[in-house]
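> show me the folded form of this:
(chains A and B)
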Amino acid sequence: MAAMPPLTGTHGFSPEAEWIARTARSKRDRLVRTNWLPIDAAREELGAVWSECQTANWDGFGAVPVSPDALRSVDLFLASLPLDMPAPAIGAEPDGQLTLEWRRSARHTLSISVSHDRYLHYAALLGPNRKYGTVAFFGEVPTDILQLIEEVIGR
Amino acid sequence: MIDPANVPEVGEGELLARYILFSKHIRQDRTLKPDAFIPHPYLDLSVTRHLSASEGELWAVGRAVAEAQGRTLYGRGDVRCSVFTRQRLAVVPKPLDGNPNHADVSGWPREKPEQKMIALEIAAAAKFEPVDASSSG
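Predicted structure coming up:
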């Protein structure tokens, strides 16, 4: 298994925003060191998926490898989730994008694909309704996505 | 299996199998993720028709696919043809050497969110069948 590349992210656009993000990350890291968070399980799963998807044709149907950039984006996404959010299941798609899935039932499921260039392509089944689209990911989980997660898990 | 000299069109009620060669396409509750139904590298999804095929023949095709790709066969996702056509996809017979039951699911949109939405609907209707170890060899 190849080592995971260094995981770094970007935050706000001003020094103040960067300071806030750094402080929040530092507090979060302190919490993580002393508590096992649901997101930690997702990170472990991310490592396992990454280790299996680094070579072409990992799905037997011509899949392209998952890029280190996609891995970094997912790690940053996980780190940006609220601490009380249930962890998603991690997967991969044949076009090399990593996926995050929250699921309450067959008809309450949200799947988000994270691309190497930090776009989030999402689709959700919400009972009889459907929602799908694309949003850019700048290092903070977009509010629309957080609302979708909460709707899917029934919070 | 289907007579290669007389391959019929795919009927709405036909069952179609998508072979699963990546373990993380299977959820812990033994359902399938939509990830398994995203078309790539082409806008076609490769499936095998149940029509005129025994269970043993279906698994033999799956094992042959896995072996040819150097992968492990974990199972298959069975989906009725009507599930695809309800999503405005078409199922077209595409017999191959050694698999006259092969078909392509075509008509996929190019945009990723639309593909994901369709794959979610398919996954919600798919029935996962783990590989039948008793029929191996």
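> who are the contact partners of the residue most central in space within chain B?
Taking C-alpha atoms, centre = their mean as the criterion, B:R18 is the residue nearest the geometric centre of chain B, at 1.9 Å. Neighbouring residues of B:R18 by C-beta atoms under 8 Å, 6 or more residues apart in numbering or on different chains: B:36-37, B:45-47, B:76-77, B:79, B:126. Every residue, glycine included, has its C-beta placed from N, CA and C.
> one more time with 6 Å, if that's ok
Residues near B:R18 by C-beta atoms under 6 Å, 6 or more residues apart in numbering or on different chains: B:47, B:77.
> mind listing the residues bridging to it?
Under the criterion DSSP bridges, B:R18 forms beta bridges with B:G77.
> if I look at it, how far off is B:A90?
Applying C-beta to C-beta, to the nearest Å, the value for B:R18 to B:A90 is 16 Å.
> for A:A48, same thing?
Distance of A:A48 to B:A90, given as C-beta to C-beta: 36 Å.
> cool, B:R110 as well?
Shown here: B:R110 relative to B:A90, a distance of 16 Å by C-beta to C-beta.
> which one of those two has more residues nearby?
Neighbours per residue, other C-beta atoms under 10 Å in any protein chain shown: of B:R110 and B:A90, the larger number sits with B:A90, 15 against 7.
> in a helix, A:R43, correct?
Yes. Under DSSP: H, G, I helix; E, B strand; the rest coil, A:R43 sits within a helix.
> B:K94: what's it in contact with?
By C-beta under 6 Å, 6+ apart, B:K94 lies in contact with B:102-104.
> model confidence score at the nearest residue to it once chain neighbours are set aside, please.
Of all residues beyond its chain neighbours, the one nearest B:K94 is B:D104 (4.7 Å), with distances taken as C-beta to C-beta, 6 or more residues apart in numbering or on different chains. If you check B:D104, the pLDDT there is 98.
> so what's B:D104 bridging to?
Counting by DSSP bridges, the residues bridging with B:D104 are B:S46, B:V92.
> count the residues that sit near it.
By other C-beta under 10 Å, the residues close to B:D104 number 19.
> now the residue nearest to the centre of chain B: how far from A:P38?
31 Å.
> and the closest residue to A:N57 other than its chain neighbours, backbone torsions?
Excluding the flanking residues, the one nearest A:N57 by C-beta to C-beta, 6+ apart is A:A63, at 5.9 Å. Note on A:A63: backbone dihedrals following degrees, to the nearest 10 are phi -60, psi 150.
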